[in-house]
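Novice: Structure of the sequence below:
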Amino acid sequence: MVQIDYLHWQHKVTLGANAAWGEIAVGLDDLHQAVRIIVLTPKRSVPTEPEKFCDALDYIDRPPAVAIPAIKRAVWDAITLWEPRIVLDGIEAEMVDLAHYAITISWHPVEGVLKEIQRTKVLLQEAA
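Specialist: Model (predicted):
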């Protein structure tokens with residue numbers, strides 16, 4: 001059995017052929033991954049936790065004037081509720097293409113040791 005000597009860690013999630021079996025995300029990588037997972041996982045998509053995660057993808061086919069404030073609110077609410085290890089400093093959203101938004105989430109870890117602002121960019125688009 002492998003010993004994991006980290007307080008904050010999770011299995012590393014990657015797409016496609018680059019996925020490596022058994023890798024873990026630790027420290028800031030763990031927090032970045034947690035933010036991406038919260039934003040990109042729709043509410044009611046995980047049967048054991050139906051209210052967890054975020055409804056941001058519900059707004060990607062709406063006009064920017066409607067979508068951007070709704071996406072920012074959904075992301076803010078979800079991360080604030082479901083990721084207690086970070087403090088949000090701001091969220092920016094912009095339309096990149098039809099039904100495709102980019103979100104930049106500014107945050108810092110609660111621990112205060114790494115008070116520098118972290119930014120995670122998440123692309124919202126329909127699945128292929």
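
Novice: going forward, measure contacts between C-alpha atoms and count neighbours the same way
Specialist: OK.

Novice: can you map out the strands along this protein?
Specialist: Here the chain has its strands, by DSSP state E, at 9-11, 24-26, 86-97, 100-109, 118-125.

Novice: quick one: the fourth one to chain centroid distance?
Specialist: Centroid separation between strand 100-109 and its chain, computed with Cα atoms, centre = their mean, to the nearest Å, is 8 Å.

Novice: Out of the strands of the chain, which one sits most buried?
Specialist: Most buried of the strands of the chain by mean neighbour count (mean count of other Cα atoms under 10 Å) is strand 100-109; its value is a mean of 20.

Novice: circling back to that earlier point, same list, the strands of the chain, but as CSV with distance to Lys43 and mean pLDDT please.
Specialist: What follows is those, written out as CSV (distance: least, Cα to Cα, whole Å; pLDDT from 0 to 100):
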stretch, distance to Lys43, mean pLDDT
strand 9-11, 21, 76
strand 24-26, 23, 81
strand 86-97, 20, 94
strand 100-109, 18, 94
strand 118-125, 15, 78
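
Novice: and of those, who's closest to Val39?
Specialist: strand 118-125 (7.9 Å; Cα to Cα).

Novice: Summarise which helices and strands that closest one is packed against.
Specialist: If contacts are counted by 3 or more Cα pairs under 8 Å, 6 or more residues apart in numbering; DSSP states H and E, strand 118-125 sits against helix 27-40, strand 100-109.

Novice: Thanks a lot, see you next time.
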